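Peer 1: Would you be able to build a 3D model of this:
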Amino acid sequence: MALVAKRRLTETWREALARLGGVRAAALLVAFEAGQARGLEEHAAAYRALEGAGLLERVVLPGDPADRARQSET
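Peer 2: Purely as a prediction, here's the structure:
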């Protein structure tokens, strides 16, 4: 499984963080801006902010051993 940061196609990373963060949106945006200030690109700063808040999504990728195990159970 992979940990990913997701956003809608029409969203900026800032908008996605505000939506995903809920009541923690302000803290996520501070972490996002701090990452950018350290020179991270937007997507990387968003990933790190979401990672720090435990808000990354788990996704099974094609060919992932976890996917094969899940398929063999069915």
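Peer 1: burial of residue 65, as a residue count?
Peer 2: Residue 65 has 9 neighbouring residues, counting by other C-beta atoms under 10 Å. From N, CA and C alone the C-beta is placed, and that goes for glycine too.
Peer 1: swap that for residue 64, please
Peer 2: 13.
Peer 1: pLDDT value on it, please?
Peer 2: If you check residue 64, the pLDDT there is 80.
Peer 1: That one contacts residue 2, correct?
Peer 2: Yes. Checked against C-beta atoms under 8 Å, the pair residue 64 and residue 2 is within contact range at 7.4 Å.
Peer 1: List the buried residues of stretch 52-69.
Peer 2: Using 16 or more other C-beta atoms under 10 Å as the burial criterion, the residues of stretch 52-69 that qualify are 53, 55-56.
Peer 1: Those in strands, which ones?
Peer 2: Per DSSP state E, strands hold no members of the buried residues of stretch 52-69.
Peer 1: of all the residues you listed, which comes closest to residue 20?
Peer 2: residue 55 (5.7 Å; C-beta to C-beta).
Peer 1: Relative to residue 4, how far out is residue 17?
Peer 2: With the distance defined as C-beta to C-beta, to the nearest Å, residue 17 ends up 14 Å from residue 4.
Peer 1: Looking at those two, which is more packed in?
Peer 2: Neighbour count, other C-beta under 10 Å: between residue 17 and residue 4, residue 17 has more, with 27 against 12.
Peer 1: list the contacts for the closest residue to the more buried one other than its chain neighbours?
Peer 2: Once flanking residues are discounted, residue 17 sits nearest to residue 28: 4.5 Å by C-beta to C-beta, 6 or more residues apart in numbering. Residue 28 makes contact with 17-18, 20-21, 49-50, 53, 55 under the criterion C-beta atoms under 8 Å, 6 or more residues apart in numbering.
Peer 1: Three-state assignment for residue 28, please.
Peer 2: helix (DSSP: H, G, I helix; E, B strand; the rest coil).
Peer 1: how far away is it from residue 7?
Peer 2: 12 Å.
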